[in-house]
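> fold the following for me, if possible:
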Amino acid sequence: MHDRLVQGDESALAEVYDCFVGLVHSVAMRVSGNRTAAEDIVQEVFVHLWEHPYAFRPERGSLRGWLCLLAHRRAVDWVRAEHARERRVEHACRTGGGEWVASAEDSVVAADEAARVRSALARLPAAQREAIELAFYADITYREVASRLGVPEGTVKSRMRGGLRQLATLLGNPSGRGTSGEGR
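Here you go, the predicted structure:
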């Protein structure tokens, strides 16, 4: 199976997904306690397997165990990020949010960056652009985007992943870091 994944055999990924999706979701759900986060974590785990099949080392353990480890780590990261966000919000509420007030310079920089993003977004294929605009500008979940577009949730995630990668390249961030759309 590992050799087939390394060779880019999509049917191998489908077999692995069918075999382990329930287990990976269960681990992510147990750790995060959040259904949407668990669904996103499942997507991330299998995308990681597809994009980095060589990261799994059969001589070091089973694929089952490796996928569970990835799901657990990503869920822990999600929980930590969520707690950090909650602490920032609590602190802002206690302090009156004074440190969140932007200077005039910050506002100009933010407006310029927003214009660059809108320009890059306009260069994306319509399907990718539409999914990203709904998720980020309408601030709705992957599931809600899928419902509005009448396509499967996985299709929405794939469109967004591809679109966010293209945006990263267009905006001068070819690694794509910081463009995952996490939390949607």
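> pLDDT averaged over stretch 90-101 - what is it?
On average, the pLDDT along stretch 90-101 is 61.
> please begin residue numbering at 52 from this point
Done: numbering now begins at 52, and the last item shifts to stretch 141-152.
> OK, contacts around Arg125?
Going by Cβ atoms under 8 Å, 6 or more residues apart in numbering, Arg125 touches Ala79, Ile92, Glu95, Val96. Every residue, glycine included, has its C-beta placed from N, CA and C.
> mind picking the two most distant members of those residues?
Ala79 and Glu95 (9.1 Å; Cβ to Cβ).
> just to revisit the earlier point, the contacts of Arg125 in helices, which ones?
Cross-referencing the contacts of Arg125 against helices under DSSP state H gives Ala79, Ile92, Glu95, Val96.
> count the neighbours of the closest residue in space to the last one that isn't next to it in sequence for me.
The reference is to Val96. Excluding its sequence neighbours, the residue lying closest to Val96 (Cβ to Cβ, 6 or more residues apart in numbering) is Leu121, at 4.8 Å. When neighbours are counted by other Cβ atoms under 10 Å, Leu121 registers 21.
> my guess is Leu121 contacts Val98. True?
No - the criterion here is Cβ atoms under 8 Å, and Leu121 misses it with Val98 at 10.6 Å.
> quick one, which of Ala79 and Glu95 is more surrounded?
The neighbour count for Ala79 versus Glu95, taken as other Cβ under 10 Å, is higher for Ala79 (28 against 22).
> the more buried one contacts Ala88, doesn't it?
Yes - using Cβ under 8 Å, Ala79 is in contact with Ala88, at 7.0 Å.
> which neighbours do those two share?
Joint contacts of Ala79 and Ala88 (Cβ under 8 Å, 6+ apart) are Ala126.
> that older thread, quick one: the ones in helices among the contacts of Arg125 as a markdown table, columns for distance to Ala132 and pLDDT too.
Shown next, in a markdown table, are those (distance: Cβ to Cβ, whole Å; pLDDT from 0 to 100):
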| residue | distance to Ala132 | pLDDT |
| --- | --- | --- |
| Ala79 | 14 | 94 |
| Ile92 | 12 | 93 |
| Glu95 | 13 | 92 |
| Val96 | 17 | 93 |
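> what helix or strand is Tyr68 on?
Using DSSP states H and E, Tyr68 sits in helix 61-83.
> buried residues, whichever helix in the chain runs longest. List them.
If you go by DSSP H, the chain has its longest helix at helix 114-146. Neighbour-count burial for helix 114-146, with 16 or more other Cβ atoms under 10 Å as criterion, is recorded at Leu114, Trp117, Leu118, Cys119, Leu121, Ala122, His123, Arg125, Ala126, Trp129.
> please consider this matter closed, and thank you.
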